[in-house]
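J.: dropping a prediction and its sequence here:
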Amino acid sequence: MARIEAKDPLAEYKARRDFAKTPEPGPKRGKSKGNSFVIQKHAATRTHFDFRLEHDGVLKSWAVTKGPSLDPSQKRLAVMTEDHPLEYGGFEGVIPKGEYGGGPVMIWDAGTWEPIGDPDEGLAKGDLKFRLHGKRLNGEYVLVRMKPRKEDRGRQNWLLIKKRDEYAGDGNEPTQEFDTSVKTGRTMDQILHGESAVWTSNRAQKKSRTVRKPAAQKARAAKPRVASPVRKGRRS
């Protein structure tokens, strides 16, 4: 009997990208066991947050339009996208304009996740419960798959919902509170232009206020002054 090859979970990821043009990681599948998660702010055609959970050697991925919330009353649309390689969890940079998903990418949050129940069953049923242990997001969440509609055109729409626990807060929107990378401390604009994060300690602020003289002005200041000769008055 001929051997049936398992479907490559990164086939779609590979098909969408030209790795000679984009700095994104190649389609290499990782080890089957792991529990990392990452949330990447992505300014593509529309700015959104890519929510990724490590599972079975890849990052299961959803594009969350408004980003994750800590308010249990908020049900955030999360469109399931193609699986990404584990290495993508460390990617922060700029996808070139004209390429798939062109625009800056920021690591907005990262940490580990803990499934509540069997994650494979949760994904299959469309009811994935889990806990996050991140730098900005913590506590219980659930991803719930919505019923398909004709207008979805084959997309899998889910809802990302915060469960009420000690980390929840009514009106708490961390994506509005934090706008820098947890990896580099950079803003989206700094990532786009390849700049480093600006250190803002009191010492640095004082240093930045120092006015530097132009080179020509420095040269004039360093040159010693010559006293003018004393003019003698006429004798009568």
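T.: Now that the structure is in, tell me what you want to look at.
J.: each with direction, which strands does the lengthiest strand in the chain pair with?
T.: In the chain, taking DSSP state E as the definition, the longest strand is strand 103-115. Here strand 103-115 has these sheet partners by DSSP bridges: strand 36-43 (antiparallel), strand 93-95 (antiparallel), strand 127-134 (antiparallel).
J.: so of those strands, which one's packed in deepest?
T.: strand 36-43 (a mean of 23; mean count of other Cβ atoms under 10 Å). To be clear about C-beta, it is placed using only N, CA and C from the backbone, and glycine gets the same treatment.
J.: quick one: distance of that strand to the chain centre.
T.: The chain centre lies 4 Å from the centre of strand 36-43; the measure is Cα atoms, centre = their mean, to the nearest Å.
J.: what are the ranges of the helices in the chain?
T.: 11-15, 119-125, 174-177, 188-192, 202-209, 215-222 (DSSP state H).
J.: which of those helices comes out lowest on mean pLDDT?
T.: Note on these: lowest mean pLDDT is at helix 202-209, with a mean of 36.
J.: where in this protein is pLDDT low?
T.: In the predicted model of the chain, residues 1-6, 199-236 satisfy pLDDT under 70.
J.: can we see that at 50?
T.: By pLDDT under 50, the low-scoring segments of the chain are 1-5, 201-236.
J.: and the longest strand of the chain, what's buried?
T.: Neighbour counts using 16 or more other Cβ atoms under 10 Å place Gly103, Pro104, Val105, Met106, Ile107, Trp108, Asp109, Ala110, Gly111, Trp113, Pro115 of strand 103-115 among the buried residues.
J.: kindly report the same for stretch 153-168.
T.: Asn157, Trp158, Leu159, Leu160, Ile161, Lys162, Tyr167, Ala168.
J.: same question, stretch 183-200
T.: Using 16+ other Cβ under 10 Å as the test for burial, stretch 183-200 gives Lys183, Arg186, Thr187, Met188, Gln190, Ile191, Leu192.
J.: got the contact list for that stretch?
T.: Contact partners of stretch 183-200, identified using Cβ atoms under 8 Å, 6 or more residues apart in numbering, comprise 41, 43, 90, 92-94, 103-107, 110, 179-181.
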